[in-house]
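Visitor: Can you look at this prediction? I've put the sequence above it.
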Amino acid sequence: MMVENKTVYLHDAAYARANGEIEQYHRSRKTNIDCKRAIESAVRENFDGMHLNHDSARPVVEQFGAERVAHVLAATVRYFDWDGRFSRDNKAWAQTVPFVQDTDSLGMDRSIEYVVESHPAVLDGFINMARKEFAQVQDREKSAEGKRPSALEQLKAGKDSQEARPKSTPAKRREEVL
């Protein structure tokens, strides 16, 4: 099942109510929860007790989109920021993902509803894989927009620029300089 709207709603409930966007807010939150469950399922189905299947993040990213998966994973890492089983790199990455503090009337963070509950060490590996998928999605999008040349074009351009470069002259001997 593909998710229709892969864009994350990045405003809190108060903003959504005030601006007549409460339906979009609820739909996005529900999809975040569905994404959390899909991540937990992917981890559970692709971890054999020692190793996580190397492409376990791909189907989740394809289903929910890179933005939403990143949002859910970053919310999880932020929530468990104290946990040393998440790498420093993933903690730093989580801080770069756009996030809006959304608290209920009791001051509780609503993002807890979509915090992934898989084992943190295994989830850290899943996050590494997901981040690679995000980079590949971004590369495909750039290629589709025509902004990035193919690898063959890059190699040809590199060869052409090497041929066009002037040949360097050998360094003068020390005696000639003095």
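Guide: Now that the structure is in, tell me what you want to look at.
Visitor: hang on, Val60 packs against Ile127?
Guide: No. Here Val60 does not reach Ile127: they are 11.4 Å apart, not a contact under C-beta atoms under 8 Å. For every residue, glycine as well, the C-beta is placed using N, CA and C.
Visitor: hey, what's in contact with both of those two?
Guide: Shared contacts of Val60 and Ile127 (C-beta atoms under 8 Å, 6 or more residues apart in numbering): none.
Visitor: Just give the closest residue to Tyr15, not the sequence neighbours.
Guide: Nearest residue to Tyr15, sequence neighbours excluded (C-beta to C-beta, 6 or more residues apart in numbering): Glu21, at 7.6 Å.
Visitor: Now do the contacts for that neighbour.
Guide: When contacts are counted by C-beta under 8 Å, 6+ apart, Glu21 touches 9, 11, 15.
Visitor: now for the helix or strand hosting Leu73, which elements pack on it?
Guide: Taking DSSP states H and E as the definition, Leu73 sits inside helix 66-79. Contact here means 3 or more C-beta pairs under 8 Å, 6 or more residues apart in numbering; DSSP states H and E; on that basis helix 66-79 packs against helix 22-46, helix 88-96, helix 120-144.
Visitor: So for Asn53, which of the ones you listed sits nearest?
Guide: helix 22-46 (3.8 Å; C-beta to C-beta).
Visitor: got the contact list for the residue nearest to Ile112 when sequence neighbours are not counted?
Guide: Leaving aside its sequence neighbours, Ile112 sits nearest to Tyr79 (C-beta to C-beta, 6+ apart; 6.7 Å). Tyr79 makes contact with 109, 111-112, 115, according to C-beta under 8 Å, 6+ apart.
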